[in-house]
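Enquirer: one predicted model, sequence on top.
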Amino acid sequence: MVAYEHTPVSVEGKRAVVVGGTSGIGQAIALGFASEGADVVATSRTEDAVDETADAIEDLGANTARVTCDVTDRESLDEVRETAVDAFGGIDVVVASQGAISRASVLGIEDDEWDFVTDVALDGVRKVTQAMAPAMDEGGSIVNISSMAARLSMANLPAYSAAKGGVEAFTRASAKELAPEIRVNAIAPGFIITPQNADTYAEGTEKRAAIDERAPLGRVADREEVVGAAVYLGSDAASYVTGEVLTVDGGFGDSAF
Ligand SMILES: NC(=O)c1ccc[n+]([C@@H]2O[C@H](COP(=O)([O-])OP(=O)(O)OC[C@H]3O[C@@H](n4cnc5c(N)ncnc54)[C@H](O)[C@@H]3O)[C@@H](O)[C@H]2O)c1
């Protein structure tokens, strides 16, 4: 007889914090975790958004707690950590999905626009890590949401691309330092329909046609198609995976767009 047992891909019973968890990809991950039996705090800047997602988490039968945060404000992230610890007794999984974008060019982008994007998208990831890691137990997992823009040649996205490249480098650096207690990985989504880009990628637009034609899988993705990657990286099934970037891009790979 062959003895065999493996750890299932599951976040059941995990205690999760999803920053930027009230819209788009982060909200899908928050609701996905909740539907799999995790406790979830989904946080962003406004009470209305937090309440709406918290209600949806509760409708799925999961525990939640309500707290707002701005990733540029360290104290608000401390409050998120304390809220999650008070409500759940600890934190196992942290997802950093907050987003900021600018479509200004390399030579045209102003300092304040550059700072806005990098403060939220890159420095926000650092602040989330610094605030949450001290409360995470052994076996914890941090998942930073990067982008295909970290490695593709994309025009008019210099601050965003630089920030996401930084997120992936910071992910590797954090993975090294926080091991072996906490694993740190990133997800690099491709073209995913969310409120941020629903107009740009709408059916019938030139952009949408170009993506559908160029994407090896022939289409853009729904935000729910990123959830499985987050569940995997958050679960104990990924116990030997750290410092990695898991790409969810329909096969674009390294081809420039
Ligand atoms: N949608 C895509 O095609 C795509 C592709 C690649 C990467 N991404 C990345 O995925 C992540 C989520 O993007 P999305 O498309 O779901 O966008 P979204 O705008 O729907 O969600 C972003 C979330 O971040 C929150 N947020 C913004 N600034 C914040 C701040 N200062 N503090 C706290 N929360 C803040 C927003 O309130 C919102 O909840 C981002 O990191 C984005 O760069 C998205």
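Expert: Received it, and whenever you're ready, just let me know what you need.

Enquirer: mind listing what's buried in stretch 127-139?
Expert: Lys127, Val128, Thr129, Ala131, Met132, Ala133, Ala135, Met136 (16 or more other CB atoms under 10 Å). In this view, the C-beta of every residue, glycine as well, is placed from N, C-alpha and C.

Enquirer: let me have the residues you listed in JSON lines, extended by distance to Ser23 and pLDDT.
Expert: Below are those laid out as JSON lines (distance: CB to CB, whole Å; pLDDT from 0 to 100):
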{"residue": "Lys127", "distance to Ser23": "19", "pLDDT": "99"}
{"residue": "Val128", "distance to Ser23": "16", "pLDDT": "99"}
{"residue": "Thr129", "distance to Ser23": "21", "pLDDT": "99"}
{"residue": "Ala131", "distance to Ser23": "20", "pLDDT": "98"}
{"residue": "Met132", "distance to Ser23": "20", "pLDDT": "98"}
{"residue": "Ala133", "distance to Ser23": "24", "pLDDT": "98"}
{"residue": "Ala135", "distance to Ser23": "24", "pLDDT": "98"}
{"residue": "Met136", "distance to Ser23": "24", "pLDDT": "98"}
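
Enquirer: can you classify the closest residue to Ser44 other than its chain neighbours by secondary structure?
Expert: Leaving aside its chain neighbours, Ser44 sits nearest to Thr22 (4.3 Å; criterion: CB to CB, 6 or more residues apart in numbering). Three-state assignment for Thr22 (DSSP: H, G, I helix; E, B strand; the rest coil): coil.

Enquirer: 167 is where my numbering starts, stick with that
Expert: New numbering, starting at 167: the last item is Thr188.

Enquirer: now for Thr188, how many residues are close by?
Expert: Residues near Thr188, counting by other CB atoms under 10 Å, number 24.

Enquirer: so how many other residues sit close to the residue of the stretch 317-423 of the chain found nearest the ligand?
Expert: Closest residue of the stretch 317-423 of the chain to the ligand, CB to the nearest ligand atom: Thr360 (3.3 Å). Neighbour count of Thr360, defined by other CB under 10 Å: 18.

Enquirer: what parts of the stretch 217-366 of the chain come near the ligand?
Expert: Counting by CB under 6 Å from any ligand atom, the stretch 217-366 of the chain comes close to the ligand at 235-238, 263-266, 286, 311, 313, 355, 357-358, 360-363.
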